[in-house]
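S.K.: could you work out the structure for the sequence below:
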Amino acid sequence: MKKPATLCIVDMQPKDFPAADARTRKEVVKLVKQAKRNGAGIVVLEYSNSSPTSATILNTLKGYKRKVICKKNHNDGSKEFVEACRRHRFNKSHIRVCGVYTEYCVQETTEGLHERLPRSTIEVVVRACNGDEQHEQWAFEEMKQLEGVKIV
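M.R.: Numbering: from 1, shown residues only. Below is the predicted model:
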């Protein structure tokens, strides 16, 4: 049986990151619900010394056993993600990435995952990402160039 993709939620901390707006939160919640239905692992990455992840997202995760929240001190959260997956035995061969800011933390985490897990399939879910409109499309184009990374 094929393992479900592990969901990687990046910096959905609306008090500190305005791009974590209501539209983006709604799309991330949809991905969380889908991941829960599939029994997938969920890794929430948060910038240290920032506000917590959106209450809407945390409430959707409440009671779900296959989740972990990791703090990070830099844009690339791939190291924390991979460590969480190892510790909790989450699937590392198929990953779905969402969050903010597309052109910073989402892109750098995706690039880091690509380097750390070169045989993995990584899907960046456009509707559940947000960033600076001027740079966001460029970031999607850059990520699309990486082998194994799909923009969906």
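
S.K.: so how far is stretch 32-42 off the chain centroid?
M.R.: With C-alpha atoms, centre = their mean, to the nearest Å as the basis, stretch 32-42 stands 13 Å off its chain's centre.

S.K.: next, the buried residues of it.
M.R.: Buried residues in stretch 32-42, counted by 16 or more other C-beta atoms under 10 Å: 32, 35-36, 40-42. (C-beta placed from N, C-alpha, C; glycine too.)

S.K.: any weak-confidence spans in this structure?
M.R.: Low-confidence segments of the chain (pLDDT under 70): 1.

S.K.: picking up where we left off before, in TSV: the buried residues of stretch 32-42, plus secondary structure.
M.R.: Shown next, in TSV, are the buried residues of stretch 32-42 (DSSP: H, G, I helix; E, B strand; the rest coil):
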residue	secondary structure
32	helix
35	helix
36	helix
40	coil
41	coil
42	strand
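
S.K.: how about those, which pair is most distant?
M.R.: By the measure C-beta to C-beta, 32 and 41 form the most distant pair in those, at 11.7 Å.

S.K.: common neighbours of those two, please.
M.R.: Contact criterion C-beta atoms under 8 Å, 6 or more residues apart in numbering; residues shared by residue 32 and residue 41: residue 7.

S.K.: rewinding a little: now tabulate the buried residues of stretch 32-42 in a markdown table and tack on distance to residue 83.
M.R.: Shown next, in a markdown table, are the buried residues of stretch 32-42 (distance: C-beta to C-beta, whole Å):
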| residue | distance to residue 83 |
| --- | --- |
| 32 | 21 |
| 35 | 19 |
| 36 | 22 |
| 40 | 18 |
| 41 | 13 |
| 42 | 15 |
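
S.K.: you'd agree residue 70 is in a strand?
M.R.: Yes. The assignment for residue 70, made by three-state DSSP, places it in a strand.

S.K.: residues contacting residue 146?
M.R.: By C-beta under 8 Å, 6+ apart, the contact list for residue 146 reads 110-111, 114, 122.

S.K.: cool, thanks, signing off.
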